[in-house]
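# let me see the structure of the following:
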Amino acid sequence: MATISSKIDIKDLSREQLTDWLTHRGQRPFRADQIRRWIYLRQTDRFDDMTNLGKPLRADLEAAFANPRLQVDEEATSQDGSRKLLFRLPDGHHIETVIIPEKSHYTLCISSQVGCSQGCRFCMTARGGLVRNLSAGEIISQVRDVQQRVRAEGGLDLTNIVFMGMGEPLANYRNVVQALEVITDGDFGLKISSRRVTVSTAGLVPRMADLGRDTRANLAVSLNATDDDTRTRLMPINRKYPLADLMAACRRYPLPPRRKITFEYILMKGVNDSMDDARRLVKLLRPIKAKVNLIPFNEHPGSDFMRPDPARIIRFQEFLAGHHYTAIVRHSKGQDIGAACGQLRAKLKREAGGPGSEN
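Sure, this is the predicted structure:
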């Protein structure tokens, strides 16, 4: 059983909150940056090891805060080198994080919620519904802990972060933005370039403009259909924010120079993989600076959807390329270890005694 500490995780505090805590105790504001440098740049876990802080301050930090690591309850390694980590949170719930090896670096796919409320029919995570939001510290910890792990191993560096794991990031907006500030802070944070961080949304339209205003992260939109009827069947969020509203929000999105919105399009046999779909997709994207990730559906137990034939995937891709869109076929990594998001968590719940078992 996990134990919940009565202390606050210091990673849940924003820079401003930590500064306020310090100034109320007569400390100079610059101490906040010193502490953040120890936690994020030097990967220090113990307050007593922060040797440029006075002993009384270290004692105060120890009394008020914790600085925990996430517990790995299960790890699965794919033949392609991808590693899926099942992290246990302090309250006993679980999230998944995936380390994906690329040619010259690692990409880390992280979660923003325990479960998800969006109810997308093709997603395994949606079956369990939403349990709760992750705190900013729990989001940060996924990156911090994996960064420490890969550095200890040597080899590739962790340079890219995608919010494409469990949950809808824009439904946990405040904590995601606070975590992004630490992840992309090059002076006192985790030093991941904002150009290499992507936040994916199912289409939570009111928050999209906020993300463009408040961060420099890249935006990815999980589209998956080119007409409202199909998209509503696949993604219930389309009832509230139909395609016309979603695409209008994309046209208004404040893109930084030389950037594009990524549209994720999961290809499902007989559902959204026709040439009529390809033609409608071109028409939808025409006014937008866009690139497309075509993702052949990752078949998993209990799903009614199937992956299209390879020739159909190629034909779809070539049609988009012929209309001057960058269209990349992204095959899911780690298919032999259960690449569908939520599969490790679902497996653990079954072994623990049923759908409701988390502790």
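
# give me the contact list for stretch 182-199.
Contacting residues not belonging to stretch 182-199 are listed as 11, 15, 33, 36-37, 40-41, 136, 140, 143-144, 147, 158-164, 169-170, 176, 180-181, 211, 215-220, 259, 262 [CB atoms under 8 Å, 6 or more residues apart in numbering]. Placement of C-beta: from N, CA and C, glycine included.

# let's see which of those end up in helices.
15, 33, 36, 136, 140, 143-144, 147, 176, 180-181, 211 (DSSP state H).

# between those, which is nearest Asn52?
Proximity of the ones in helices among the contacts of stretch 182-199 to Asn52 (CB to CB) peaks at Asp33, which lies at 11.2 Å.

# can you tell me how far that closest one is from Val221?
Applying CB to CB, to the nearest Å, the value for Asp33 to Val221 is 35 Å.

# contacting residues around the residue most central in space within the chain?
With distances taken as CA atoms, centre = their mean, Phe163 lies nearest the centre of the chain, 1.7 Å away. With contacts defined as CB under 8 Å, 6+ apart, the neighbours of Phe163 are 110, 112, 169, 176, 197-200.

# again, but for Leu255
Contacts for Leu255 (CB under 8 Å, 6+ apart) come out as 212, 261, 289.

# and the second one, how many neighbours does it have?
Neighbour count for Ile261, taken as other CB atoms under 10 Å: 20.

# Ala225: what secondary structure?
coil (DSSP: H, G, I helix; E, B strand; the rest coil).

# surely it touches Leu234?
Yes - counting by CB atoms under 8 Å, Ala225 touches Leu234, with 5.7 Å between them.

# quick one: common contacting residues for these two?
Applying CB under 8 Å, 6+ apart, one finds that Ala225 and Leu234 are jointly contacted by 271-272.

# which stretches of the stretch 101-250 of the chain form strands?
For the stretch 101-250 of the chain, strands defined by DSSP state E, counting those that start in this stretch occupy the ranges 105-109, 113-115, 130-133, 157-163, 197-201, 218-222.

# make JSON lines out of those strands and add mean pLDDT and distance to Ala63.
What follows is the strands of the stretch 101-250 of the chain, written out as JSON lines (pLDDT from 0 to 100; distance: least, CB to CB, whole Å):
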{"stretch": "strand 105-109", "mean pLDDT": "97", "distance to Ala63": "33"}
{"stretch": "strand 113-115", "mean pLDDT": "96", "distance to Ala63": "29"}
{"stretch": "strand 130-133", "mean pLDDT": "97", "distance to Ala63": "27"}
{"stretch": "strand 157-163", "mean pLDDT": "98", "distance to Ala63": "33"}
{"stretch": "strand 197-201", "mean pLDDT": "98", "distance to Ala63": "34"}
{"stretch": "strand 218-222", "mean pLDDT": "98", "distance to Ala63": "40"}
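
# just these: most buried one?
Across the strands of the stretch 101-250 of the chain, averaging neighbours per residue (mean count of other CB atoms under 10 Å) puts strand 113-115 on top, at a mean of 24.

# please name the strands paired to it in the sheet, noting orientation.
Next to strand 113-115 in the sheet, as set by DSSP bridges, lie strand 130-133 (antiparallel).

# list the contacts of the strand it pairs with.
93, 112-117, 167, 171-172, 175, 358.

# and it, how far out from the chain middle?
15 Å (CA atoms, centre = their mean, to the nearest Å).

# so where's the stretch 1-150 of the chain shaky on pLDDT?
Along the stretch 1-150 of the chain, segments meeting pLDDT under 70 span 1-5.

# bridging residues for Ser222?
Glu264.

# rewinding a little: go through the contacts of Leu255 and name the one nearest His105.
Using CB to CB, those come closest to His105 at Ile261, 22.5 Å.
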